[in-house]
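Peer 1: just a sequence and a predicted model for now, questions to come.
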Amino acid sequence: MRQSGPASSAGDRHWRGSARLALCCALVFCAMSILVDWDAGSLTPLRALLWVTLSTAVCAILLPARVSAGPGWLAVRTPWRRRVIHTDALTTVRQYDGVSSHLVLRDVHGHALELDPRVLAANPLLWHDLDTGVRRSLERGTLRSGADVMERLGQHIDDDTVQAVLRASGLS
């Protein structure tokens, strides 16, 4: 069995399904646009290339960021770049709400990354690695702002976990 990273790293366990959905949406878009163009009698090799290019762009836009974590680090990989921060040396944590809620984390080395808090809620191992790093940052005194954000997020994740356990056991 081949591993994608160090043995002690954790990853988003739902990423493959989301990536598969993005690819399927892009393929359906490509097939439908080529079929409609072909049915209209206006399909040329250049237009087919245009539809394939647009479908590739749709796939790149819909492809979710791949989040992974390990002891002392958190990484977010998009199709264009990979960002890594040291979770045991965080300086700020901010949460922005709105249409798409996201966390912004910065470390003492000047690195920053954004991620969707739902990824942390859906992946307990990622949450554990980040929470452990935040606690170390607090102990070292590097985390100047955002401890309250992480506490609220932790309570929200814990509440969701309790509700899921109660539903699964039939008590709720």
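Peer 2: Looks like it came in fine. Small disclaimer: the values here were computed from a predicted structure and weren't measured. Numbers count the residues shown, from 1 in each chain.
Peer 1: can we go C-alpha only for contacts and neighbour counts from here?
Peer 2: Will do.
Peer 1: and the gap between L54 and R106?
Peer 2: From L54 over to R106 the distance is 34 Å, taken as Cα to Cα, to the nearest Å.
Peer 1: for this structure, which spans come out with low pLDDT?
Peer 2: 1-8 (pLDDT under 70).
Peer 1: could you list the domains of it?
Peer 2: Listed by automatic domain parsing, the domain ranges of the chain are 10-62, 66-169.
Peer 1: now the ones you listed in a markdown table, with mean neighbour count?
Peer 2: Supplementary listing: the domains of the chain in a markdown table, determined by neighbours: other Cα atoms under 10 Å:
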| stretch | mean neighbour count |
| --- | --- |
| domain 10-62 | 15 |
| domain 66-169 | 17 |
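Peer 1: what's near enough to touch Y96?
Peer 2: 102-104 (Cα atoms under 8 Å, 6 or more residues apart in numbering).
Peer 1: SS state for R118?
Peer 2: helix (DSSP: H, G, I helix; E, B strand; the rest coil).
Peer 1: next: R106.
Peer 2: Following three-state DSSP, R106 is assigned to strand.
Peer 1: contacting residues for the closest residue to it other than its chain neighbours?
Peer 2: Nearest residue to R106, sequence neighbours excluded (Cα to Cα, 6 or more residues apart in numbering): A112, at 4.3 Å. Contacts for A112 (Cα under 8 Å, 6+ apart) come out as 83-85, 104-106.
Peer 1: please apply the same query to P117.
Peer 2: Residues counted as contacts of P117 (Cα under 8 Å, 6+ apart) are 101-103, 153.
Peer 1: next SSE downstream of the biggest helix by length in the chain?
Peer 2: Of all segments of type helix in the chain, defined using DSSP state H, the longest is helix 15-39. Using DSSP states H and E, the helix or strand that follows helix 15-39 in sequence is helix 45-62.
Peer 1: what about L113, distance to G146?
Peer 2: L113 sits at a distance of 14 Å from G146 (criterion: Cα to Cα).
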